[in-house]
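K.L.:
fold the following.
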Amino acid sequence: MLNKYAYGIPINRQLEAFKTQGLNLSKATISFGQEVITSYFKPVAEAIREFVANSDQWHADETRWIVWGHEKTGSHKHWLWVFLCDQAVYFSIADTRAAVVPESVIGDEAGTLVCDRYSAYKKLANDAVSIVLAFCWAHVRRDFIDAQLGVPE
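P.N.:
Numbering: from 1, shown residues only. Below is the predicted model:
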């Protein structure tokens with residue numbers, strides 16, 4: 001797991017390295033092992049999500065994640081969401097960029113969310129009145145640059 005996810009070593013390369021040490025494993029063995037191990041990490045991931053949600057200040061962002069095909073639609077478009085507080089980071093991969101994702105992570109906890117002006121965060125704050133949005137200064141700075149340049153908006 002460390003070789004694959006922490007060090008970025010592909011499974012095939014790991015299997016070849018194992019062969020040089022006298023251990024001949026099939027890719028299916030490794031894949032099955034990953035499926036089994038994944039179930040043990042679900043409670044850990046949920047505990048991290050709860051820890052982040054129970055904070056009173058978060059930073060959030062999302063980006064395209066074009067990696068796998070969706071089981072039902074075959075679409076390769078996913079979104080990698082990141083939510084962090086002062087002591088932990090929670091990642092979520094979703095096939096949507098809608099407000100349901102930050103709602104499922106933060107819920108209606110009270111606090112300040114530092115984010116860009118993407119509409120999903122605005123909807124979250126509208127639905128959960130205890131959440132205050134603090135827009136990222138890099139994004140706000142663009143407004144001042146546009147004003148300086150004379151952009152009417």
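
K.L.:
would you mark the buried spots in the longest strand that the chain contains?
P.N.:
Counting residues, the longest strand found in the chain (DSSP state E) is strand 57-66. By neighbour count on 16 or more other C-beta atoms under 10 Å, the buried set for strand 57-66 is Trp58, His59, Ala60, Glu62. Any C-beta I mention is one placed from the backbone N, CA and C, and that applies to glycine too.

K.L.:
could you look up the SS state of the most far-flung residue of the chain relative to its centre?
P.N.:
Distance from the centre of the chain peaks at Gly22, with 38.2 Å (C-alpha atoms, centre = their mean). Recorded secondary structure, Gly22: coil (DSSP: H, G, I helix; E, B strand; the rest coil).

K.L.:
list phi and psi for it.
P.N.:
Torsion angles at Gly22 (phi, psi; degrees, to the nearest 10) stand at phi 90, psi 10.

K.L.:
that one and Leu15: what is the separation?
P.N.:
Distance, Gly22 to Leu15, using C-beta to C-beta, to the nearest Å: 13 Å.

K.L.:
what's the angle between the longest helix belonging to the chain and strand 57-66?
P.N.:
Taking DSSP state H as the criterion, the chain has its longest helix at helix 27-53. Interaxial angle, helix 27-53 versus strand 57-66 (axes from the mean of the first three to the mean of the last three C-alpha atoms, to 10 degrees): 150 degrees.
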